[in-house]
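Visitor: attaching a predicted model along with its sequence, questions to come.
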Amino acid sequence: MDNLTHLGSETNYGFNYSPELLETFDNKHPQNDYWVKFNAPEFTSLCPITGQPDFATIYISYIPGEKMVESKSLKLYLFSFRNHGDFHEDCINIIMKDLIQLMDPKYIEVWGKFLPRGGISIDPYANYGKVGTKYEELAWYRMQNHDLNPETITNR
């Protein structure tokens, strides 16, 4: 765990999108399928057109492979979107792709529940399962059936 630089140290908040803030540690149970879930109710980003802030709760659920994301680094990373201008759907896909590149999970889903602005809310959802595995089939199943029940993996 010597590679964890944020945990236990003074927090310096950045104000620009910074995927390099993300850190990992070894999964002690890579042979097990289990959920790791994060709920981040204070996510903010900026509308790329108006510059107005957008507020959301970001839900990240994944089944780890060999590596796991360290939670403080994830918090700092999500905070780095504070001055980032992008559409809601883009933010969710960027977060998912950064986490896939970081830790190569067996399965991951990222869901953003954005607060209404202008009378409408947007809840983009993205998922990914390793190609050629049961997790790829799970990702496809959940998207096709709008099945976001975490028990699905244990029942398939």
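Guide: Cool, the structure landed.
Visitor: what about Pro41, which SS state?
Guide: strand (DSSP: H, G, I helix; E, B strand; the rest coil).
Visitor: name the helix or strand for Pro30, please.
Guide: For Pro30, there is no enclosing helix or strand under DSSP states H and E.
Visitor: so that it lines up with my notes, have the first residue be 400 from now on.
Guide: All set: I'll call the first residue 400, so the last point we hit is now Pro429.
Visitor: got a list of what it touches?
Guide: Contact analysis of Pro429 by CB atoms under 8 Å, 6 or more residues apart in numbering lists 463-465. All C-beta atoms are positioned from the backbone trio N, CA, C, and that covers glycine.
Visitor: from those residues, list the buried ones, please.
Guide: Pro463 (16 or more other CB atoms under 10 Å).
Visitor: pLDDT added to the contacts of Pro429, as CSV?
Guide: As requested, the contacts of Pro429 are arranged in CSV below (pLDDT from 0 to 100):
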residue, pLDDT
Pro463, 97
Gly464, 96
Glu465, 97
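Visitor: of the contacts of Pro429, which is the nearest to Asp425?
Guide: Glu465 (6.9 Å; CB to CB).
Visitor: wait, that closest one touches Asn426, no?
Guide: Yes. Counting by CB atoms under 8 Å, Glu465 does reach Asn426; the two are 5.8 Å apart.
Visitor: ramachandran angles for Phe454?
Guide: Note on Phe454: backbone dihedrals following degrees, to the nearest 10 are phi -120, psi 140.
Visitor: fine by me, thanks again.
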